[in-house]
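In: have a look; sequence and predicted model below, questions after that.
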Amino acid sequence: MANIKNLQMWNDICSDARIGISKSLFGLKTTAVYKPTNSVIDAQTLEYSPQDGERLLRILSTPREKLAETIGSFHPKKVANGNYMLEAISSRDGQFAGLLLQQFSSMSYEPVTKALFFEGIDAEVIISLFQ
(Lines give C-alpha, C1' and ligand atoms only; values in the text may rest on other atoms or scores of the structure.)
Protein backbone atom coordinates (compact mmCIF):
# COMPACT_ATOMS: atom_id res chain seq x y z
CA MET A 1 0.00 0.00 0.00
CA ALA A 2 1.19 3.45 -0.87
CA ASN A 3 0.90 6.45 1.41
CA ILE A 4 -2.00 8.44 0.00
CA LYS A 5 -0.30 11.74 0.88
CA ASN A 6 2.65 10.88 -1.37
CA LEU A 7 0.57 10.42 -4.51
CA GLN A 8 0.94 12.96 -7.30
CA MET A 9 -2.86 13.23 -7.39
CA TRP A 10 -3.04 14.15 -3.67
CA ASN A 11 -4.22 17.71 -4.39
CA ASP A 12 -7.02 16.37 -6.61
CA ILE A 13 -8.04 13.95 -3.86
CA CYS A 14 -8.13 16.73 -1.25
CA SER A 15 -10.21 19.02 -3.46
CA ASP A 16 -12.87 16.37 -4.24
CA ALA A 17 -15.97 17.07 -2.12
CA ARG A 18 -16.85 13.36 -2.02
CA ILE A 19 -13.69 12.59 -0.05
CA GLY A 20 -13.10 13.41 3.61
CA ILE A 21 -9.56 13.64 4.96
CA SER A 22 -8.71 13.11 8.62
CA LYS A 23 -5.41 13.04 10.46
CA SER A 24 -4.60 11.10 13.57
CA LEU A 25 -3.01 12.50 16.70
CA PHE A 26 0.18 14.40 15.85
CA GLY A 27 -0.59 14.02 12.13
CA LEU A 28 1.26 10.73 11.84
CA LYS A 29 -1.48 9.00 9.85
CA THR A 30 -3.79 10.42 7.21
CA THR A 31 -7.03 8.64 6.35
CA ALA A 32 -9.24 9.35 3.34
CA VAL A 33 -12.90 8.32 3.40
CA TYR A 34 -15.48 8.18 0.61
CA LYS A 35 -18.21 10.26 2.27
CA PRO A 36 -21.40 8.81 0.64
CA THR A 37 -20.68 5.32 2.02
CA ASN A 38 -18.24 6.25 4.81
CA SER A 39 -15.75 3.73 3.36
CA VAL A 40 -11.99 4.06 3.90
CA ILE A 41 -9.93 4.68 0.76
CA ASP A 42 -6.75 2.70 0.11
CA ALA A 43 -3.97 3.73 -2.27
CA GLN A 44 -1.45 1.84 -4.34
CA THR A 45 1.03 2.43 -7.13
CA LEU A 46 1.40 -0.12 -9.91
CA GLU A 47 3.99 -0.26 -12.68
CA TYR A 48 3.30 -1.62 -16.16
CA SER A 49 5.08 -2.44 -19.41
CA PRO A 50 4.82 -0.03 -22.36
CA GLN A 51 2.24 -2.29 -24.06
CA ASP A 52 -0.04 -2.53 -21.01
CA GLY A 53 0.47 1.17 -20.24
CA GLU A 54 -0.60 2.19 -23.74
CA ARG A 55 -3.67 -0.03 -23.51
CA LEU A 56 -4.55 1.50 -20.13
CA LEU A 57 -4.19 4.96 -21.67
CA ARG A 58 -6.66 4.01 -24.44
CA ILE A 59 -9.08 2.56 -21.87
CA LEU A 60 -8.94 5.67 -19.69
CA SER A 61 -9.54 7.86 -22.76
CA THR A 62 -12.80 6.12 -23.73
CA PRO A 63 -16.24 7.47 -22.83
CA ARG A 64 -17.62 6.10 -19.54
CA GLU A 65 -20.54 4.34 -21.22
CA LYS A 66 -18.11 2.21 -23.29
CA LEU A 67 -15.70 1.48 -20.42
CA ALA A 68 -16.68 -2.16 -19.76
CA GLU A 69 -16.75 -2.93 -23.48
CA THR A 70 -13.30 -1.40 -24.04
CA ILE A 71 -11.75 -3.26 -21.10
CA GLY A 72 -13.10 -6.65 -22.19
CA SER A 73 -10.98 -9.38 -20.61
CA PHE A 74 -7.86 -7.22 -20.30
CA HIS A 75 -5.98 -7.37 -16.98
CA PRO A 76 -2.64 -5.53 -16.98
CA LYS A 77 0.36 -7.40 -15.56
CA LYS A 78 2.44 -5.62 -12.92
CA VAL A 79 6.16 -5.38 -13.62
CA ALA A 80 9.17 -4.11 -11.70
CA ASN A 81 10.49 -0.79 -13.02
CA GLY A 82 7.78 -0.30 -15.60
CA ASN A 83 7.56 2.45 -18.19
CA TYR A 84 4.08 3.37 -16.93
CA MET A 85 3.01 3.89 -13.33
CA LEU A 86 -0.58 4.00 -12.20
CA GLU A 87 -1.63 5.70 -8.99
CA ALA A 88 -4.84 3.99 -7.91
CA ILE A 89 -7.18 4.66 -5.02
CA SER A 90 -10.33 2.76 -4.18
CA SER A 91 -12.83 2.65 -1.38
CA ARG A 92 -13.00 -0.63 0.51
CA ASP A 93 -16.65 -1.07 -0.47
CA GLY A 94 -15.77 -0.73 -4.18
CA GLN A 95 -18.05 2.26 -4.80
CA PHE A 96 -15.30 4.81 -5.52
CA ALA A 97 -12.04 4.68 -7.48
CA GLY A 98 -9.48 7.19 -8.69
CA LEU A 99 -6.64 6.77 -11.18
CA LEU A 100 -3.72 8.78 -12.49
CA LEU A 101 -1.60 7.21 -15.23
CA GLN A 102 1.99 8.40 -15.61
CA GLN A 103 4.79 7.56 -18.03
CA PHE A 104 8.52 7.60 -17.32
CA SER A 105 10.10 10.47 -19.22
CA SER A 106 13.05 12.77 -18.51
CA MET A 107 14.10 10.79 -15.43
CA SER A 108 10.72 10.97 -13.68
CA TYR A 109 7.11 9.88 -14.05
CA GLU A 110 4.99 12.49 -15.83
CA PRO A 111 1.16 12.35 -15.93
CA VAL A 112 -0.36 11.26 -19.24
CA THR A 113 -3.94 11.53 -17.92
CA LYS A 114 -5.58 13.85 -15.47
CA ALA A 115 -6.80 12.39 -12.18
CA LEU A 116 -9.92 10.40 -13.04
CA PHE A 117 -12.57 9.50 -10.46
CA PHE A 118 -15.26 6.84 -10.80
CA GLU A 119 -18.35 6.04 -8.70
CA GLY A 120 -20.83 3.19 -8.51
CA ILE A 121 -20.82 0.71 -11.39
CA ASP A 122 -18.01 2.57 -13.18
CA ALA A 123 -15.84 2.19 -10.06
CA GLU A 124 -16.64 -1.51 -9.84
CA VAL A 125 -15.65 -1.97 -13.51
CA ILE A 126 -12.36 -0.09 -13.01
CA ILE A 127 -11.50 -1.96 -9.80
CA SER A 128 -12.16 -5.32 -11.50
CA LEU A 129 -9.55 -4.39 -14.11
CA PHE A 130 -6.81 -4.71 -11.46
CA GLN A 131 -7.98 -7.92 -9.75
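Out: Received, thanks. Numbers count the residues shown, from 1 in each chain.

In: all helices for the chain, in order.
Out: Using DSSP state H, the helices of the chain run over 10-15, 50-60, 67-71, 120-129.

In: who are the contact partners of Phe130?
Out: Contacts for Phe130 (Cβ atoms under 8 Å, 6 or more residues apart in numbering) come out as 46, 75-76, 88. Every residue, glycine included, has its C-beta placed from N, CA and C.

In: which helices and strands does the helix or strand bottoming out on mean pLDDT in the chain pack with?
Out: Every helix and strand of the chain was ranked by mean pLDDT, DSSP states H and E. The lowest is helix 67-71, at a mean of 92. Contact partners of helix 67-71 among helices and strands, from 3 or more Cβ pairs under 8 Å, 6 or more residues apart in numbering; DSSP states H and E: helix 50-60, helix 120-129.

In: distance from the longest one to the middle of the chain?
Out: Put simply, helix 50-60 sits 14 Å off its chain's centre (Cα atoms, centre = their mean, to the nearest Å).

In: give me the buried entries from the contacts of Phe130.
Out: Buried by 16 or more other Cβ atoms under 10 Å: 46, 76, 88, out of the contacts of Phe130.

In: tell me which of the helices of the chain sits nearest to Lys114.
Out: The closest of those to Lys114 is helix 10-15. By Cβ to Cβ, the value is 7.9 Å.

In: Val112: neighbour count?
Out: Other residues within reach of Val112, judged by other Cβ atoms under 10 Å, total 17.

In: let me see the contact set for it.
Out: 57, 84, 101-103.

In: bridged to Ala88, which residues?
Out: Per DSSP bridges, the residues bridged to Ala88 are Gln44, Leu99.

In: ok, so of the buried ones among the contacts of Phe130, who is nearest Ile126?
Out: Nearest to Ile126 among those, with distances taken as Cβ to Cβ, is Ala88, at 8.5 Å.
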